[in-house]
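1. I'd like to go over a predicted model; first the sequence, then the structure.
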Protein chains: 2
Amino acid sequence: MSTKDRILEAALRQFNELGTDQTTLRSLAEELGISHGNLCYHFKNTDALIEALYDCLIAEIEEQVIQSQHPDNELEEMVLQAETTFRLLYKYRFLLLDLVRITRRIESIRQKFRAVMQLRRLQFHVTFGHLVRRGLMREEWVPGLHDRLITNLLVLGDNWIPNAEIHFDEKGESVIRYYFEAFKAGLTPYLTEQGMEAFR
Amino acid sequence: MSTKDRILEAALRQFNELGTDQTTLRSLAEELGISHGNLCYHFKNTDALIEALYDCLIAEIEEQVIQSQHPDNELEEMVLQAETTFRLLYKYRFLLLDLVRITRRIESIRQKFRAVMQLRRLQFHVTFGHLVRRGLMREEWVPGLHDRLITNLLVLGDNWIPNAEIHFDEKGESVIRYYFEAFKAGLTPYLTEQGMEAFR
DNA sequence: TTGTTTTTAGAACAAGTGTTCTAAAATATT
DNA sequence: AATATTTTAGAACACTTGTTCTAAAAACAA
């Protein structure tokens, strides 16, 4: 394993456990048993590490999108994709724990993130349209209702990790499940009877 | 106006605009036209300022709870209280923009915040119980559904501000309205026909 | 007025951080 | 084997931050 990869691995661990502000080039160098001068040679500063790890996350998400294709069952597809995304976000949870400061400081990440989110909103709209046409989802009984639902789902998707950090002492799988259940629960009232059956 | 109050006022502004990490005793002293030694005399460090401002927020929220009492219309009461809370949180938005780091660093705030949130969850449950009995809200058609709805509402309530910071360029009233609409939309599918009418 | 307390300014200090630089060591290339 | 390139260690630097300290100024009390 290359030094660069070892650094990224250790950085992900320290970012997740200590936060981006308590992780320094020196603390990383110490954990890795190398000099911080050397670390500086590979990554100029912690922001460079954050950017590199963010690109890793994006790469993993795109990989997931390419792999899973269930064009026959859009509801299952959507739920499964959401679950995988939940797990991926948890792997890189330091990003969401500190997203405001990171996007304030690193303009490139801010732009990429906004683009991803607009795309996800669009995808939800498209999927909802399909689901309505197939009778799995109720039509909007108030104009703009679906868009507000999507806002709710996206806010939950982006912020369940900070929320868990503050309110839970546990970590890992149980937390993921807890919030993913909430995510699904947010969806159910908008489904038809038929949709509810397909949901289970 | 006492120096202490002037400091708190300036701190709130800088925290909201620059973030808690870019605001320093020196930057505050400069804005106020006093020495940072003097500032240190009143507040030992920025954490002391954060704690003081957090106590201000709590005080304002409690004041609001005491004032508004509509025991005749619980639905209106709940929505109005939520709106006022949305506005108060926006006034002290720096707290929510940086909640993870703040609660990690300042244990007392973490504990107070968790207590407040448990209380709010309980209040929602009580109110939902009343609304169901009055026929304004549908009964849970899946066990635990209300609790997951509350999780969704609380996550939105705590995180719409960080979300707005990342995704919106606008600030102020329009942002508050946008997310408060999403909050109300999250509630509507759980209401009965009668509840929907009372809602408008 | 006189003495006491509170408030203020400004210097000085310590600790931590990213950054740069130099030279040695390791590795790769010819 | 000789040379060039990449990688590494460690020192040195500049900068920021909170913190402490001293003494002057202001406000207040007797």
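-> Yep, that arrived.

2. Can you name the element that comes right after the longest helix seen in chain A?
-> Scanning chain A for the helix with the most residues, using DSSP state H, yields helix A:107-133. Heading C-terminal from helix A:107-133, the first helix or strand you meet, by DSSP states H and E, is helix A:145-167.

3. I'd like to know which elements that next one is packed against.
-> Using 3 or more CB pairs under 8 Å, 6 or more residues apart in numbering or on different chains; DSSP states H and E as the contact test, the elements touching helix A:145-167 are helix A:74-91, helix A:93-97, helix A:107-133, helix A:173-187, helix B:99-105, helix B:107-133, helix B:145-167, helix B:173-187. Yep, even glycine has a C-beta here, placed from its N, CA and C like the rest.

4. Isn't A:Leu57 up against A:Leu88?
-> Yes - using CB atoms under 8 Å, A:Leu57 is in contact with A:Leu88, at 6.6 Å.

5. List, one by one, the residues from chain A near DNA strand C.
-> Chain A comes close to DNA strand C at residues A:22, A:24-27, A:36-37, A:40, A:44-46, as judged by CB under 7 Å from any atom of the strand.

6. Of those, which pair is most distant in space?
-> The largest separation in the residues of chain A next to DNA strand C, counting by CB to CB, is between A:Gln22 and A:Gly37 at 20.9 Å.

7. Looking at chain A, which residue is nearest DNA strand C?
-> Residue nearest to DNA strand C within chain A: A:Asn45 (2.7 Å; CB to the nearest atom of the strand).

8. Pull the contacting residues for that residue.
-> Under the criterion of CB atoms under 8 Å, 6 or more residues apart in numbering or on different chains, the neighbours of A:Asn45 are A:Leu25.

9. how does it look with 10 Å?
-> A:24-25, A:39 (CB atoms under 10 Å, 6 or more residues apart in numbering or on different chains).

10. cool, and A:Trp160?
-> Residues near A:Trp160 by CB under 10 Å, 6+ apart: A:86, A:89-90, A:93, A:96, A:175-176, A:178-180, A:182-183, B:151-152, B:155, B:159.

11. ok, now A:Lys4?
-> Taking CB under 10 Å, 6+ apart as the criterion, A:Lys4 is in contact with A:42-43, A:52.

12. What values do phi and psi take at A:Gly144?
-> Torsion angles at A:Gly144 (phi, psi; degrees, to the nearest 10) stand at phi 80, psi 0.

13. Does it touch B:Glu181 like I think?
-> Yes - using CB atoms under 10 Å, A:Gly144 makes contact with B:Glu181 at a distance of 8.2 Å.

14. Among the two, which residue is more densely surrounded?
-> Neighbours per residue, other CB atoms under 10 Å in any protein chain shown: of A:Gly144 and B:Glu181, the larger number sits with B:Glu181, 14 against 10.

15. which non-adjacent residue is nearest the more buried one?
-> In space, and not counting its chain neighbours, B:Glu181 is closest to A:Arg148: 6.1 Å by CB to CB, 6 or more residues apart in numbering or on different chains.

16. Kindly report the same for A:Gly186.
-> Nearest residue to A:Gly186 in three dimensions, chain neighbours excluded: B:Asn152, at 5.0 Å (CB to CB, 6+ apart).

17. ok, the one you found touching B:Gly186?
-> Yes - with contact defined as CB under 10 Å, B:Asn152 counts as touching B:Gly186 (6.0 Å).

18. Find residues that contact each of the two.
-> The contact sets of B:Asn152 and B:Gly186 overlap at A:152-153, A:155-156, A:186 (CB under 10 Å, 6+ apart).

19. so A:Glu17 sits right up against A:Glu165, yeah?
-> No - with contact taken as CB under 10 Å, A:Glu17 and A:Glu165 are classed as non-touching, separated by 11.3 Å.

20. Once you drop chain neighbours, what's closest to A:Phe183?
-> Distances taken as CB to CB, 6+ apart place A:Leu156 nearest to A:Phe183, at 5.8 Å, with adjacent residues excluded.
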